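> My questions concern the predicted model and sequence given below.
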Amino acid sequence: MKQVCVLGNGQLGRMLRQAGEPLGIAVWPVGLDAEPAAVPFQQSVITAEIERWPETALTRELARHPAFVNRDVFPIIADRLTQKQLFDKLHLPTAPWQLLAERSEWPAVFDRLGELAIVKRRTGGYDGRGQWIITESNQRDITDDLFGEVIAEKFIPFDYEVSIVGARFKNGEKRFYPVTHNLQQNGILRYSVTDISFPQQKSQQTQAESMLGKIMDKLEYVGVMAMERFVVGDKLLINELAPRVHNSGHWTQLGCAISQFELHLRALLDLP
């Protein structure tokens, strides 16, 4: 059986390693600055615990390696511009948005998106960082260096946020965990709660599986992917994707027979 090399040695990489041990799968989370000669990637299937990484000797080596599963998908999802373009191409519902390329576009932004806009960095900026709530009165908060590097979204007064974690195998087969209700504090996820008796659970599950499945099929993705969505009445709007195991799926470690981490390894290695 091949071993798995994980680009990144943070919490998610260590959890993948832990999931591989009972299966006899050697999982190697590696730091981004590791020397390529010290990393056993030539004998490994390669994955990542992060969407975006700086250019180092190791990442240059891995970025062109044919064993890097989803290698060409990471850049699409790591950039909010290309991620939103993907949603639009697949006719999937998301908040109205546009690239904010120059300061002269502000009047058109407020005309199209309303009096409140959420401005987000195209790359990075998670857990509430790199995001601004902008009105006509504080539009100067977006400095000149940010134009072209941010998108503007319509402010959505959503009821709450839910996410779904699922996986796609090489043959197109897919598996999904139950939708979770995410509770956040200061923009950081604190609790993910799933309740299959919740009245809206069935309809949300069906919608979410269809949306995420369509995305994974289009990208020919292999492994675990997470999708966060805003609930607005009986509709779901896609907020963001994560092409990896996700913190809203940590509950699967003790709540499921197969955790998201084990499921990711099974998909990468084409195990049942």
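Good, I have the coordinates.
> gap between the two ends of stretch 99-113?
From its first residue to its last, stretch 99-113 covers 12 Å (CA to CA, to the nearest Å).
> Just give me how far that stretch sits from the chain centre.
Between the centre of stretch 99-113 and the centre of its chain there are 26 Å (CA atoms, centre = their mean, to the nearest Å).
> Check the contact between Ser248 and Val165; I expect there is one.
Yes. Between Ser248 and Val165 there is a contact under CB atoms under 8 Å: 6.6 Å. Where you see a C-beta, it was placed from the backbone N, CA and C, and this is true even at glycine.
> what touches both of those two?
Taking CB atoms under 8 Å, 6 or more residues apart in numbering as the contact rule, Ser248 and Val165 both touch 180, 226.
> So for these two, which residue has more residues nearby?
Between Ser248 and Val165, Val165 has the larger neighbour count (other CB atoms under 10 Å), namely 29 against 26.
> Looking at strand pairing, list the partners for Arg168.
Beta-bridge pairing for Arg168 (DSSP bridges): Lys174, Gly223.
> give me the number of residues near it?
Number of residues near Arg168 (other CB under 10 Å) recorded here: 23.
> what's near enough to touch it?
174, 213, 216-217, 221-223, 225, 267.
> can we see that at 10 Å?
Residues in contact with Arg168, defined by CB atoms under 10 Å, 6 or more residues apart in numbering, are 174-176, 212-213, 215-217, 219-225, 267.
> Can you flag the buried ones in the residues you listed?
174-175, 212-213, 215-216, 219, 221-225, 267 (16 or more other CB atoms under 10 Å).
> and Leu99, that's in a strand?
Yes. Leu99: assigned to a strand according to DSSP: H, G, I helix; E, B strand; the rest coil.
> can you pull out the helices in the chain?
Using DSSP state H, the helices of the chain run over 11-20, 57-63, 74-78, 80-89, 106-113, 201-219, 252-255, 260-268.
> which pair in the buried ones among the contacts of Arg168 spans the largest distance?
Of all pairs drawn from the buried ones among the contacts of Arg168, the greatest distance, 16.7 Å, lies between Arg175 and Leu219 (CB to CB).
> Just the closest of the buried ones among the contacts of Arg168 to Val30, please.
Nearest to Val30 out of these is Gly223 (CB to CB; 17.5 Å).
> That closest one and Glu102: what is the separation?
38 Å (CB to CB, to the nearest Å).
> Cys256 contacts Phe176, correct?
No. Applying CB atoms under 10 Å, one finds Cys256 not in contact with Phe176, separated by 11.4 Å.
> State the distance from Thr56 to Arg244.
Thr56 sits 19 Å away from Arg244, going by CB to CB.
> Can you pull out the low-pLDDT segments for the protein?
126-128 (pLDDT under 70).
> centroid residue for this structure?
The structure's the chain has its C-alpha centroid closest to Ala242; by CA atoms, centre = their mean the separation is 0.9 Å.
> Kindly state the beta-bridge partners for that one.
Note on Ala242: beta-bridge partners Ala226, judged by DSSP bridges.
> any idea how far Glu240 is from Thr82?
From Glu240 to Thr82 the distance is 13 Å (CB to CB).
> Which of the two has more residues huddled nearby?
Applying other CB under 10 Å to Glu240 and Thr82 shows that Glu240 carries more neighbours, namely 16 against 12.
> so the more buried one touches Met227, yeah?
Yes. The criterion here is CB under 10 Å, and Glu240 meets it with Met227 at 7.7 Å.
> list residues touching both of these two?
Residues touching both Glu240 and Met227 (CB under 10 Å, 6+ apart) are Ser163.
> and the residue lying closest to Pro243 once chain neighbours are set aside, how many neighbours?
Leaving aside its sequence neighbours, Pro243 sits nearest to Ile77 (CB to CB, 6 or more residues apart in numbering; 4.7 Å). When neighbours are counted by other CB under 10 Å, Ile77 registers 22.
> Could I get the contacting residues of Ile77?
Contacts of Ile77 were listed using CB under 10 Å, 6+ apart, and they are 51-52, 70, 83, 86, 215, 219, 221, 225, 240-244.
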